[in-house]
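> Take this sequence and fold it.
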Amino acid sequence: VQRVSRGTKTSLSYWGMVAAHLGLAVTITGIAFSQNYSVERDVRMRAGDSVTIHDYRFTFREVRDITGPNYRGGVALIGVTRHGEPEAVLHAEKRLYNTSRMVMTEAAIDGGLTR
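Predicted coordinates:
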């Protein structure tokens, strides 16, 4: 405010600082909202089982064996419907890598701006 009233020109470094602080504020707000408005539930399911969370219904369809160039494992197919309409099919994987003998989980995430 003082810079404008004195008639001096505002430097680019000042505007960079303002942008950085605004970016930090937006990041903190986003983290707070995503933590407060998220739902997480751990359930044990078998093929054919379904669970409903808010408007979404998750149906565990099946597990298939998979083989990649350097791993083998399984992929679970999970159907997602909202109000009875198909929304997505998620493919969650559990992989065992041949050389390192490490087990890795590949999460099935269907991201979007509205969820």
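> hey, let's count contacts and neighbours off CA atoms from now on
Will do.
> Just the buried positions in stretch 66-73, please.
Buried positions in stretch 66-73, judged by neighbour count with 16 or more other Cα atoms under 10 Å: 71, 73.
> Mean confidence (pLDDT) on it, please.
Summarised as a single mean, pLDDT over stretch 66-73 is 95.
> Between the two ends of it, how far is it?
Stretch 66-73 has its terminal residues 5 Å apart, counting by Cα to Cα, to the nearest Å.
> Show residues contacting it.
Stretch 66-73 has contacts (Cα atoms under 8 Å, 6 or more residues apart in numbering) with 65, 74-75, 93-99.
> residue boundaries of the helices in this protein?
2-6, 12-36 (DSSP state H).
> Just name the most buried of these.
Most buried of the helices of the chain, by mean neighbour count (mean count of other Cα atoms under 10 Å): helix 12-36, with a mean of 11.
> How far off centre is that helix?
20 Å (Cα atoms, centre = their mean, to the nearest Å).
> Determine the set of other helices and strands touching it.
Judged by 3 or more Cα pairs under 8 Å, 6 or more residues apart in numbering; DSSP states H and E, helix 12-36 has no packing partners among the helices and strands.
> What's the local residue count around residue 95?
Residues lying near residue 95 (other Cα atoms under 10 Å) number 21.
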